[in-house]
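Participant: How does the following fold in three dimensions:
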Amino acid sequence: MDDRPPTSQKSPYQASAKAAIEDIASLLAERPIRLAASIIDGLVLGLVNFSIQYVPALFGARIFNDIAWIIEHPFLFVILNLVYGIVIFTIINFPLLCKNGQTVGKYACKIKIVRTDHSPADVDRIVFYRYLPIWIAMSVLSIWMLSNTPPPDKPFIPTLTDFIPLFLALILMAGNYLLIFRKSRKCLHDDIADTIVIKA
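Facilitator: Residues are numbered from 1 along each chain as shown. Predicted structure coming up:
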């Protein structure tokens, strides 16, 4: 008689479920690749932003770079920048977003944005659900910070409370991107928009 205890056997369903999870994980974009794509997008947008906002200042046009005007009209300045950013981001990336859920950076790095069920993510979802909530939150913090800033001709001795919006902005940005270290590799904006980033 065999007195050995019965060995546990894995269900074929468990094995297939594990294999499916591993397959999905293998499709997710690697974290360094996503970072590289974000850097490329930032450089592209930064270059366009500089050319449109600051080059005209060389010819006497002073709107977005007039410090006194910015401090006097913080809400208008931030709203104009927000709308401007949405428009420029969409114009630059619209063809790639429509075709394959990609920005310029993601196209260069061969990754793309899809829904969590791997169905295509449309442009509206990517712009207004994935990016816009974070942009709005940062804009509110910018308005708060500018509202506490005195005109350039007045002395400014900052207190700890003046740094609160800056600290909150740093926490928001860090929290958004640090969440990528979860198994799902989803940032906060991915959770909001129900998206993931996979290999193209």
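Participant: Which residue lies nearest the spatial centre of the protein?
Facilitator: Tyr131 (5.5 Å; CA atoms, centre = their mean).
Participant: Wait, that residue touches His189, no?
Facilitator: Yes: using CB atoms under 8 Å, Tyr131 is in contact with His189, at 6.5 Å. Bear in mind the C-beta positions are built from the backbone N, C-alpha and C, glycine included.
Participant: thinking again about what came up before, and the residue nearest to the centre of the chain, how far from Thr103?
Facilitator: Distance from Tyr131 to Thr103, counting by CB to CB, to the nearest Å: 10 Å.
Participant: longest helix anywhere in the chain?
Facilitator: In the chain, assigned by DSSP state H, the helix with the most residues is helix 74-100.
Participant: What number of neighbouring residues does Arg31 come out with?
Facilitator: If you count neighbours by other CB atoms under 10 Å, Arg31 ends up with 13.
Participant: Could you pull out the strands in this structure for me?
Facilitator: Along the chain, counting by DSSP state E, strands occupy 111-115, 195-199.
Participant: Next, format the ones you listed as a markdown table and append mean neighbour count and mean pLDDT.
Facilitator: Output for the strands of the chain, formatted as a markdown table (neighbours: other CB atoms under 10 Å; pLDDT from 0 to 100):
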| stretch | mean neighbour count | mean pLDDT |
| --- | --- | --- |
| strand 111-115 | 20 | 97 |
| strand 195-199 | 20 | 97 |
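Participant: All set, thanks.
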